[in-house]
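Colleague: build me a model:
(chains A, B, C and D)
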Amino acid sequence: MHEMLEDLARGNGLRETAPWLKLLLGVASILLCVSSSGPIAPLLVAASMSAAILLLAKIPARFYARLLLIPVSFAVMGIIVILFVTGSGTVLIEVPGLPLAVTTDGANLAILVLARVFGGMCSLYFIALTTPMTEVFDLLHRLRVPTVLIDLAMLTYRFIFILIDEAGEIYRSQVMRLGYGRFRESVNSLGMLAGALFIRTWESGEALVMAMDARCYDGVLAVPEESQTVSGLSLALALAYLGAVLWVSLTTGGLRIL
Amino acid sequence: MHIMEGFLPSPWWEIWFLVSLPFIVFGVYQLNRLVKERRETLPLLAVAGAFVFVLSSLKLPSFTGSCSHPTGTGLGAVLFGPCITGVLGLIVLVFQAVFLAHGGITTLGANVFSMGIAGPVVAWLVYKAGTRAGANTYATVFAAAALADLFTYVVTSVQLALAFPGTTGFVGAFTAFAAIFAVTQVPLAIIEGAIIALVFKYIVHL
Amino acid sequence: MRTLIETENLTYTYPNGPAALAGVSLRIEAGSKTAIVGPNGAGKSTLLLMFNGMLRPDRGEIRFAGRPIAYDNRSLRDLRRRVGFVFQNPDLQIIAPTVEADVAFGPLNLGLPPDAVRKAVRDALGYVGLQGYERRPPHHLSGGEKKRVAIAGILAMEPDVLVFDEPTNTLDPASAEEVMELLDELASSGRTVLISTHDVELAYRWADSAILMERGRILARGSPEEVFSDPGLLAAARLKPPALLDLYNELAFRGIIDRDAPPKSVLEFTDRIERILHGHIRTGERVGDVYLCDAERVCGDELRRFIESGAVEHVGAMGTRAKEFAGRERIYPDYTYGVIDRCILKALIGEDSLIITSGGMVEHVKRRIAEYSAESGQKIPVIPVEEHKGRHGAIGGRISS
Amino acid sequence: MRTLIETENLTYTYPNGPAALAGVSLRIEAGSKTAIVGPNGAGKSTLLLMFNGMLRPDRGEIRFAGRPIAYDNRSLRDLRRRVGFVFQNPDLQIIAPTVEADVAFGPLNLGLPPDAVRKAVRDALGYVGLQGYERRPPHHLSGGEKKRVAIAGILAMEPDVLVFDEPTNTLDPASAEEVMELLDELASSGRTVLISTHDVELAYRWADSAILMERGRILARGSPEEVFSDPGLLAAARLKPPALLDLYNELAFRGIIDRDAPPKSVLEFTDRIERILHGHIRTGERVGDVYLCDAERVCGDELRRFIESGAVEHVGAMGTRAKEFAGRERIYPDYTYGVIDRCILKALIGEDSLIITSGGMVEHVKRRIAEYSAESGQKIPVIPVEEHKGRHGAIGGRISS
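Modeller: Now for the predicted structure:
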């Protein structure tokens, strides 16, 4: 039912690059986007991250294009509010009959926020599409995140994939029996699905407790090991890139489009 | 209702991280203790987390939104207490961000607070109040789920209004955000309440 | 026969996976029993999911009853009502909290009025032999019972075509035989039945048409004898030949047996070997009798007395209703599958047996035994057991034939 | 043989269910291959779960290596390390997000140092033929691969006893054969292996000791030939006799074949029938050769050239390592199970074949063929294929035997 970014990350072109470098690059880009006071730096991040995703990680362009549509509905609604509540500056558009107007300040803020969202989401996609979650567990372990948190996350990870398959199968079997037809039936079908899934979850939990016991569980879960070596060149390139974005951000911070 | 990556500017995203942090730290502490006492808690919590994830990634009929967490985690709040549930919410939100591109990393603090902490607490309170008052179980469950959803959406609107007060000030901005997101979030809350009540009926039936 | 489903050059690729179907063209005849056979991952399930529009091919066309499948909501609903699909794992198909509610799911979604829904549920549960299970939670049923609930849920929508994905997987032999017998009954009532399986033995015995698949392609199609006789083909599909066919092939390689039509059953095989050795089928001093009764026309008590009197040495029950009848009347059959063959085998060694069955299958038994008698030259008497009201001990009054 | 596990009058009832075990007493010998056979719901899994203390009997006693099982935490951990349990559904046994982390689960919890854990993981994955799978997440594996991960996870703890609940359920024939072959390798390395199954065919071929269960009781135990030869017993357990045994029984009823030891394989059966017809095993003009090579001692390129030259008509690969070798070297074996028998069958009709295997199984092949030659009076030449460094085209230099 859902395409998981995780599945694409398994076969991406940057799979062998050390996860911490990819995370450093992604998270630092996000931070640069959110802290930039002008829209140029976030747009630069969006462009370079998209290029890395398409050219280096070799993610299919059509799939990536569809991903970019996911945040649109939230972004549009949020931006509309920002446009209308920010009232200072020259009036650009007025809504006839209502006390609503778009001003230059509002438009500039909206453009800035859109650019940040765009840059931030592209950076998030970069992380999601190049770094499988299993590699992140190892990094969290090295960063001394509490073990119990990592253990819980790893077990949850494993069962997400089991339950999502089961949910998909139940959904399919309902559709074949003409569930989800009209609105009322849809709610009813979904309620049944969630109920059945809850029972399956409960049983899975009991089976998991048993499986762990049978394998002598004594409170330890192994963390997948990952190679963490990075060539000096790639580290230097990453830092140079981040430095360049920072420079752009600082020099174009005061720039306003309108 | 997930706030997406890049939407919250400084210092607001940092502030929401700081607000959520004590709950999460205390949750991890509680979790640690609980797991040491009863080892089987960990696998049970894990499948509960997976359930919340899967439930929240199902598309609801007729609307482009998705089932949010407060109700799923509300159930967790009844079983494990609100702080541990916050930890579960954190994990699920991280997975949602990187698997499904719902939410983000800098907005994680704000999302954890609205969906992992505030919503579940309301669900928990309504459920407790309802059972104590001897109200109809399904009605109570419906109310708990729907109100938790609504409260999450109210908290999110507050978060957005604080970040973008504009020239109208907080109250005006809050009204604007709350009004525009009401289009999707209010029906969603009602449908979700109904579904969770159905699930409850289903489970009781067995 | 009329072609019901036809596909032309179907291809399909799952998102970021290898090709699941790589050009599949086939025809399914109305009223046929077709088995799609191949190892896991051959593309069987993907193909089946296209027959009711759950998956849409990347390229190629599917025609149902001569018309290309349309993918608008209305057409899909109509198609799905006509092509019922039974999943491999009944746990993920039965979702309602009671058996009754689950079977009613389809009819309710069809928008039938309450009375019609109740009737559909009652009929479907009766068909699969699960009356009295209405209020039970599916959770506590055995694997075989769950499977039958899943089948009832589909039957309640009265489809023309029934598609079964791995119908016997994880079932134990007795439950598997029951399910296969149910499939036989469904087919004999005129429905088109399609299964996917990796069990060549099962496909060989059951199907009248076989399609061998591997890596998203069709390797062979035709009668099961044709398709499964080629060991090279089966090896290419990473499948195992049925044990009897395997033995037959080796005997043929050694020149012991003629390579013509491979025997399908233990009965045929025994006869073939006996013919090689003695030129004909020998029997003991006498040929045993086969008593035959219709479960719907006989009184359980008298039948039980008849059996307890020792008049027959073996009892077989054929079909869901006959088995249900036997269970109710505390008659314990020795054979619950391959019943006719078993009883012929026993007759040939001079032992008597009783077949309990029902409806149209009574005639089927008579026909089958008559055919065998004609072919083998050994006349096996079939004695109908009927209730003669008013006369005592009427059952089993020996009628020479 | 030494008794390793012994139970005395075990009873067990699940909360609000009928009795799952109703007095089970049995003995499992060290180093044996035991199959517990029965329909679903017979109590097989319940019984197995008692062997490693996952369930505690209501009444009765279980002794492991002569000592009654203790149920304190420490003893249970020790028992579970020694008695490895492979669940029916690998999805519910695999815990961790990657193959490597999952296999490491047992050793880590046993408190082994990191290097020992790494070695245990490497060895176990090597054993089941899954090197290179370390970083994969379990949800991207096929059913057969998941099963092997589950087995590796248990092997990494180096148990003395391996318990498999329905090891081949839901697997397709090729994967099922691979798993059964793995079980054979485990048993031949001295471990005690126990399986539960409803597949009589499988138990008949694989086990050296069979226990027939139904309704929480033991119906029979002994050698598979003894236990499965009684059709009445199998019918009572609602199971199907293996096809070959069924045919054998019918031939015996008709007096065509002597009722002594039933044949276990197609090879034995073919020979039996040929003896009845001709008094001895005939062959064509010549007996075919069986070439035999050790995958660990031969160069893949040369072997591939040897096969491509057409020197042999059939290639078989035996064992996980040999199959892995074949896959790596792009050699496509015709036979991947029952390899020795297949090659003998081919030799008898004058065709040459090559067996690729490894380690101790090389000797096993030689022994088996020598035994067959002695019994049947047909000498089948076994020609070792070895690499002669420096000489070109050395493989396949025909050595008369």
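
Colleague: hmm, residue C:2 is touching residue C:29, no?
Modeller: Yes - Residue C:2 is within contact range of residue C:29, at 6.7 Å (criterion: Cβ atoms under 8 Å). The way it works is simple: take the backbone N, C-alpha and C, and place the C-beta from them, glycine included.

Colleague: higher neighbour count, those two?
Modeller: Comparing residue C:2 with residue C:29 by other Cβ atoms under 10 Å in any protein chain shown, the one with more neighbours is residue C:29, at 16 against 10.

Colleague: hey, what's the more buried one bridged with?
Modeller: On the basis of DSSP bridges, residue C:29 is bridged to residue C:3.

Colleague: what sits against it?
Modeller: C:1-4, C:192, C:209 (Cβ atoms under 8 Å, 6 or more residues apart in numbering or on different chains).

Colleague: how much space between it and chain D?
Modeller: 27 Å (Cβ to the nearest Cβ, to the nearest Å).

Colleague: so can I have JSON lines of the contacts of residue C:29 showing pLDDT?
Modeller: As requested, the contacts of residue C:29 are arranged in JSON lines below (pLDDT from 0 to 100):
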{"residue": "C:1", "pLDDT": "67"}
{"residue": "C:2", "pLDDT": "88"}
{"residue": "C:3", "pLDDT": "92"}
{"residue": "C:4", "pLDDT": "94"}
{"residue": "C:192", "pLDDT": "96"}
{"residue": "C:209", "pLDDT": "95"}
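
Colleague: what's the farthest-apart pair in these?
Modeller: Across the contacts of residue C:29, the longest distance by Cβ to Cβ is 13.8 Å; it joins C:2 and C:209.

Colleague: pretty sure residue A:42 sits in a strand.
Modeller: No - counting by DSSP: H, G, I helix; E, B strand; the rest coil, residue A:42 is not part of a strand but helix.

Colleague: how about it, nearest residue that isn't a chain neighbour?
Modeller: Nearest non-adjacent residue to residue A:42, counting by Cβ to Cβ, 6 or more residues apart in numbering or on different chains: residue A:119, 3.3 Å away.

Colleague: what about that neighbour, helix or strand, and which?
Modeller: Per DSSP states H and E: residue A:119 is located in helix A:104-130.

Colleague: next, the buried residues of that helix.
Modeller: A:104-130 (16 or more other Cβ atoms under 10 Å in any protein chain shown).

Colleague: how about stretch A:200-216?
Modeller: Neighbour-count burial for stretch A:200-216 flags A:200-202, A:204-205, A:207-216 (criterion: 16+ other Cβ under 10 Å).

Colleague: same question for stretch A:230-250.
Modeller: Residues of stretch A:230-250 classed as buried: A:230, A:238, A:241-242, A:245-246, A:248-249 (neighbour count, 16+ other Cβ under 10 Å).

Colleague: how about the helices in the stretch 301-401 of chain C?
Modeller: Using DSSP state H, counting those that start in this stretch, the helices of the stretch 301-401 of chain C run over C:320-328, C:339-348, C:361-376.

Colleague: now do the contacts for residue C:159.
Modeller: C:81-84, C:191 are the contacts of residue C:159 under Cβ under 8 Å, 6+ apart.

Colleague: centroid residue for chain B?
Modeller: What sits nearest the mean C-alpha location of chain B, by Cα atoms, centre = their mean, is residue B:115, with 2.4 Å.

Colleague: shaky segments in chain A?
Modeller: A:1-3, A:87, A:97-99, A:254-258 (pLDDT under 70).

Colleague: from the contacts of residue C:159, pick the one nearest chain A.
Modeller: Distance to chain A across the contacts of residue C:159 (Cβ to the nearest Cβ) is lowest for residue C:81, with 6.7 Å.

Colleague: got the residues of chain A near chain D?
Modeller: Proximity of chain A to chain D (Cβ under 8 Å from any Cβ of the partner chain) is limited to residues A:7, A:10, A:132-134, A:137, A:154-155, A:157-158, A:161-162, A:165, A:204, A:207-208, A:210-226.

Colleague: cutoff 7 Å now
Modeller: A:10, A:134, A:137, A:154-155, A:157-158, A:161-162, A:204, A:207-208, A:210-218, A:220-224 (Cβ under 7 Å from any Cβ of the partner chain).

Colleague: so, low pLDDT: which residues of chain B?
Modeller: B:59-75, B:78, B:205-206.

Colleague: burial measure for residue 76, as a count.
Modeller: No chain in the question, so chain A it is. Neighbour count for residue A:76, taken as other Cβ under 10 Å: 11.

Colleague: can you look at chain B instead?
Modeller: Residue B:76, neighbours per other Cβ under 10 Å, totals 27.
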